[in-house]
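A.B. asks: Below is the sequence, then the predicted model.
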Amino acid sequence: MDGQLLSKTFVELTDTMVADFDVIDFLHVLTDRSVLLLNVSAAGLLLADPRGELRVVAASSEAARLLELFQLQNDQGPCLDCFRTGHLVTAPDLTAAVQRWPRFAAAAQQAGFAAVQALPMRMREQVIGALNLFRATPGAFPPTDIQIGQALADVATISLLHERSMRHSDTLNEQLQTALNSRVVIEQAKGKLAERYGLDMDQAFRLLRDHARSHNLRLADTAQALIDGTTTLRA
Amino acid sequence: MAAVTAVGVSGAWLSAARGAEAGHLMCVTDAVSERLAELQLTLGEGPGLDAVESGGPVLASDLDQRDAARRWPVYAPAARQAGAAAIFAFPLRIGAIRAGVMALYRGHPGPLSASHLGDSLIFADTATLLLLDAQDWADCPPAGPGPGGQPADLVLHRAEIDQATGMLTEQLGVGIADAFIRLRAYAYAHDQRLVDVARDIVARRLRLRPDRDPSMGGQA
């Protein structure tokens, strides 16, 4: 466990208090860090929209297979169970999970994963989403990792709120929907870049992100500007 | 509009817009909504305008609260006077595709319940598609099963559809809204699910050409 990286991640939470904070970029950083800190192969943050659909807002890789594994979980899987119960859901060996989630377990194994975990993102009594972790080798997730994982999920929840005290659900709902819409803009921009420069989705995403960071812009704003034609990226 | 009774509000208005400019009013359910829409344009502030800018809903469940006064110092009291105690504005968007804004108002304060919020978002999605279909894209017939028919495969969001839409802006040399219209038109013309066409495009099994006739636009 990289203690420094862990401390750094938590300290960065204070950046959420700054006006120009880019929550989408932060959630991506968080999922990337989760992979390093928790010793997993892949991670994704899913949020539930008010219709109850679980949607990816950030993932450690843009690979289609991985995104598909998240999208699949609207029917069955650890994230759905986690979202419904508000509890940690763990499957240390996917071969044993075939009864539990037949389609999901098969797809996850085909994608090269052997173990999976979902940690709830909770806002008071409400479950707003889940942090989904995948491992390539089977085995239990160590208790310390579970604690850190839950703390990271909590950090993600907090970062979605621009105000420290939330009197009612309006703000959270507004933020959630805005974040979800931002994700759509980013997907559209990825497609545009992938086609224009002959990139895969991971490369396209990284191009977008690098441009946003070097120009000190929000990811979603950069994506929007690219689509509107008010900005140009060079591959 | 069906939305009004279904989600327990007093009235609604809908403005269409292409791109980022303020839209023109397309429909209102009563005189109060009309006034509320008008006020936004004259005062240059309001939940509807914020919703267009932020890309997310703006839920003002009590216009008397300090929060509302802070956000819309002139609009909030004017809206109260016009008869609205709560306003819920939803941008009509699919990512970067901006079709307009839908706003609901209520004569008494209080938040939208979770289920009403969910329903409002569904109405917003439907309205977005209707507005896109209604746009005058001369060379392409409206896609999908016709007004009022919500294509089943748009109920769940799929990243591939968004990616394919982006890819089509390059393949066809069109804006994002037109790219989406073309994508739907192709799926409809070939009797395929939208997500399947999108997958083929993303996997580069299918390219659309900048042809006028969408049923000829594919090459596998």
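C.D. replies: Good, I have the coordinates.
A.B. asks: Now do the contacts for A:Thr232.
C.D. replies: A:Thr232 is in contact with A:Leu226, counting by CB atoms under 8 Å, 6 or more residues apart in numbering or on different chains. Quick note: C-beta positions are derived from backbone N, CA and C, even for glycine.
A.B. asks: Show me chain B divided up by domain.
C.D. replies: Domains of chain B are assigned by automatic domain parsing as B:2-134, B:152-219.
A.B. asks: can I get these in JSON lines with mean pLDDT, distance to A:Ala130 and mean neighbour count?
C.D. replies: Listed next are those as JSON lines, based on pLDDT from 0 to 100; distance: least, CB to CB, whole Å; neighbours: other CB atoms under 10 Å in any protein chain shown:
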{"stretch": "domain B:2-134", "mean pLDDT": "89", "distance to A:Ala130": "18", "mean neighbour count": "20"}
{"stretch": "domain B:152-219", "mean pLDDT": "85", "distance to A:Ala130": "16", "mean neighbour count": "20"}
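A.B. asks: Take those and write them to CSV, including distance to chain A.
C.D. replies: Below are the domains of chain B laid out as CSV (distance: least, CB to the nearest CB, whole Å):
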stretch, distance to chain A
domain B:2-134, 3
domain B:152-219, 3
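A.B. asks: Including distance to A:Val98, could those go into a markdown table?
C.D. replies: Shown next, in a markdown table, are these (distance: least, CB to CB, whole Å):
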| stretch | distance to A:Val98 |
| --- | --- |
| domain B:2-134 | 33 |
| domain B:152-219 | 24 |
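A.B. asks: So for A:Leu38, which of these sits nearest?
C.D. replies: Among those, domain B:152-219 comes nearest to A:Leu38, with 23.9 Å by CB to CB.
A.B. asks: Show me which residues of the lowest-mean-pLDDT helix or strand in chain A are buried.
C.D. replies: Averaged element by element with mean pLDDT, DSSP states H and E, chain A has its least confident helix or strand at helix A:3-12 (a mean of 80). Applying a neighbour-count criterion of 16 or more other CB atoms under 10 Å in any protein chain shown, one finds A:6, A:9 buried in helix A:3-12.
A.B. asks: who's in contact with the helix or strand just after that helix?
C.D. replies: Later in the chain than helix A:3-12, the nearest helix or strand by DSSP states H and E is helix A:23-38. For helix A:23-38, the external contacting residues (CB under 8 Å, 6+ apart) are A:1-2, A:5-6, A:9, A:12, A:15-16, A:40-45, A:57-60, A:131, A:133, A:141, A:145, A:148-149, A:152, A:155-156, A:159-160, A:175, A:179, A:182-183, A:186, A:209, A:212-213, A:218-220.
A.B. asks: which of those residues are buried?
C.D. replies: A:6, A:9, A:16, A:40-45, A:57-60, A:131, A:133, A:141, A:145, A:148-149, A:152, A:155-156, A:159-160, A:175, A:179, A:182-183, A:186, A:209, A:212, A:218-220.
A.B. asks: Excluding chain neighbours, give the residue nearest to A:Gly149 in space.
C.D. replies: What sits nearest to A:Gly149 in space, not counting adjacent residues and going by CB to CB, 6 or more residues apart in numbering or on different chains, is A:Leu119, at 5.0 Å.
A.B. asks: Sketch out the strands for chain A, chain order is fine.
C.D. replies: Ranges of strands in chain A, per DSSP state E, are A:42-48, A:54-59, A:89-91, A:115-123, A:126-135.
A.B. asks: Output those strands in CSV, with distance to A:Arg100 and mean pLDDT appended to each entry.
C.D. replies: Output for those, formatted as CSV (distance: least, CB to CB, whole Å; pLDDT from 0 to 100):
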stretch, distance to A:Arg100, mean pLDDT
strand A:42-48, 18, 94
strand A:54-59, 17, 92
strand A:89-91, 7, 96
strand A:115-123, 11, 94
strand A:126-135, 15, 93
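A.B. asks: Now do the helix ranked longest in chain B against strand A:126-135, angle only.
C.D. replies: In chain B, with assignment by DSSP state H, the single longest helix is helix B:114-134. Interaxial angle, helix B:114-134 versus strand A:126-135 (axes from the mean of the first three to the mean of the last three CA atoms, to 10 degrees): 70 degrees.
A.B. asks: what helices or strands is helix B:114-134 leaning on?
C.D. replies: Applying 3 or more CB pairs under 8 Å, 6 or more residues apart in numbering or on different chains; DSSP states H and E, one finds that helix B:114-134 contacts helix A:169-197, helix B:2-6, strand B:86-94, strand B:97-106, helix B:176-189.
A.B. asks: now do 10 Å
C.D. replies: Packing partners of helix B:114-134 (3 or more CB pairs under 10 Å, 6 or more residues apart in numbering or on different chains; DSSP states H and E): helix A:169-197, helix B:2-6, strand B:11-16, strand B:24-28, strand B:86-94, strand B:97-106, helix B:176-189.
A.B. asks: OK, contacts around the residue nearest the centre of chain B?
C.D. replies: In chain B, the C-alpha nearest the mean C-alpha coordinate belongs to B:Leu92, at 1.8 Å (CA atoms, centre = their mean). By CB atoms under 10 Å, 6 or more residues apart in numbering or on different chains, B:Leu92 lies in contact with B:14-17, B:23, B:51-52, B:98-102, B:123-132.
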